[in-house]
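> Predicted model, plus sequence, below.
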Amino acid sequence: MLKQRLLTAALLVPLVVLAILKLPTAALMGVLALVVILTAWEWLQVVGFHSVLAKVLAVIAWLLIAAFQSSLFFPIEPGLIAGGILWLALTLLVVIYAHKPLPSLGQQVFASRWFGLVMAWLVLAVFFYAAVWLHGRHGGEWLLLHVLVVVWLSDTGGYFAGKRWGQRKLASHISPNKTWEGVAGAVVLVSLWSLVSWGFGLGAGIDLVLWWLLALMTALFSVAGDLFESLFKRAHAIKDSGQLLPGHGGLWDRLDSLLAAVPVFAATLVLLGL
């Protein structure tokens with residue numbers, strides 16, 4: 001499994017980096033739209049939309065709503081702030097039910113395919129707009145890449161530190177394999193990266209301490225994104241959202257952390273006036 005994960009990452013990471021750094025924002029928007037559609041397809045499959053026609057109609061509806069939403073979010077900053085608030089609420093939900101099951105009503109809601117459809121629309125929409133907004137800023141391609149590296153290092157630090165030293169459960173009911181020791185490993189790697197990236201000028205105009213805190217916050221919310229997906233998978237009794245990426249499961253499994261990290265990072269920049 002680890003070899004498959006590393007091989008898949010070795011093939012995908014250079015392509016992702018090149019797309020972010022070399023593609024103009026308009027072209028990257030098309031790539032992101034495809035990624036979002038494929039992720040939505042998996043999400044809908046997970047929550048109970050099994051027929052192809054139902055998923056096609058649901059994705060078309062999502063695209064139409066997203067197009068309408070884009071006109072409402074012009075200027076886009078209010079939408080970005082709303083996305084940050086959404087993830088604050090979802091993170092609070094994860095924290096409350098980290099070590100205990102959802103109440104009966106909550107389990108029914110998470111098991112509902114219509115709730116899954118609405119959440120897919122909300123989560124994927126705020127991710128899409130946040131990523132496009134970040135990339136479209138002056139030097140934004142480096143900011144977007146910075147967020148990806150923060151999430152990648154957070155996942156890597158969490159995985160290896162958790163396997164080596166993990167004892168205290170982070171969210172025993174949602175994801176029993178995650179530990180506080182893993183979180184500590186993620187904090188160490190992300191802290192080191194924040195120092196390196198600031199030194200190379202990625203945080204131009206931002207104080208070093210603030211840049212570090214922003215990176216840590218982004219990493220912690222990425223963990224919440226992972227756990228939120230796990231709530232859905234637990235409600236529907238599945239392990240992976242798909243098999244598209246060998247060693248990683250589905251595209252949603254790979255993007256779950258970024259779906260939270262990118263909107264939170266973008267919303268924080270807006271709130272700080274940066």
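On my side now, so go ahead.

> what about the strands in the stretch 51-200 of the chain?
169-171, 175-179 (DSSP state E, counting those that start in this stretch).

> If we go by neighbour counts, what in the longest one is buried?
Buried positions in strand 175-179, judged by neighbour count with 16 or more other C-beta atoms under 10 Å: 175, 178-179. Glycine gets a C-beta too; all of them are placed from N, C-alpha and C.

> quick one: low-confidence parts of the stretch 151-274 of the chain?
Scanning the stretch 151-274 of the chain with the threshold set as pLDDT under 70 gives 204, 240-249.

> Helices of that one, start to end?
180-199, 208-235, 251-272 (DSSP state H, counting those that start in this stretch).

> W133 reaches I76, doesn't it?
Yes. Using C-beta atoms under 8 Å, W133 is in contact with I76, at 5.4 Å.

> Compare these two and say which one has the larger neighbour count.
W133 (25 against 18; other C-beta atoms under 10 Å).

> Quickly note the distance from that one to G106.
32 Å (C-beta to C-beta, to the nearest Å).

> Over to A120?
A120 is 18 Å from G106, by C-beta to C-beta.

> right, and the helix or strand after the strand or helix carrying P14?
Assessed by DSSP states H and E, P14 sits inside helix 2-22. Going down the chain from helix 2-22, the next helix or strand is helix 25-47, by DSSP H and E.

> any idea of the mean pLDDT for that following helix?
Averaged across helix 25-47, the pLDDT comes to 86.

> So which elements touch that helix?
helix 2-22, helix 52-72, helix 113-136, helix 208-235, helix 251-272 (3 or more C-beta pairs under 8 Å, 6 or more residues apart in numbering; DSSP states H and E).

> Could you say which one of those comes nearest to T91?
Proximity to T91 (C-beta to C-beta) singles out helix 208-235 among the helices and strands packed on helix 25-47, at 4.0 Å.

> Counting by contacts, list what that closest one packs against.
helix 25-47, helix 77-96, helix 104-111, helix 140-165, strand 169-171, strand 175-179, helix 180-199, helix 251-272.

> Off-centre distance for the fifth one?
Computed by C-alpha atoms, centre = their mean, to the nearest Å, the separation of strand 169-171 from the middle of its chain amounts to 19 Å.

> Check the last one too.
The gap between where helix 251-272 is centred and where its chain is centred comes out at 5 Å by C-alpha atoms, centre = their mean.

> Repeat that for the second one.
The chain centroid and the centroid of helix 77-96 are separated by 12 Å, computed with C-alpha atoms, centre = their mean.

> Direction-wise, compare it with helix 113-136 and give the angle.
Using axes from the mean of the first three to the mean of the last three C-alpha atoms, to 10 degrees, the inter-axis angle of helix 77-96 relative to helix 113-136 is 130 degrees.

> Next, the buried residues of helix 77-96.
Buried, per 16+ other C-beta under 10 Å, within helix 77-96: 79-84, 86-87, 90-91, 93-94.

> I'd like these laid out as a markdown table, including distance to P263 and pLDDT.
Formatted as a markdown table, the buried residues of helix 77-96 follow (distance: C-beta to C-beta, whole Å; pLDDT from 0 to 100):
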| residue | distance to P263 | pLDDT |
| --- | --- | --- |
| G79 | 9 | 81 |
| L80 | 7 | 87 |
| I81 | 10 | 91 |
| A82 | 9 | 89 |
| G83 | 4 | 90 |
| G84 | 6 | 92 |
| L86 | 7 | 93 |
| W87 | 6 | 95 |
| L90 | 11 | 94 |
| T91 | 12 | 95 |
| L93 | 16 | 93 |
| V94 | 15 | 93 |
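
> out of those residues, who's nearest Q45?
Among these, and counting by C-beta to C-beta, the member closest to Q45 is L90, at 20.9 Å.

> My guess is the closest one contacts F228. True?
Yes. Between L90 and F228 a contact is recorded at 5.2 Å, counting by C-beta under 8 Å.
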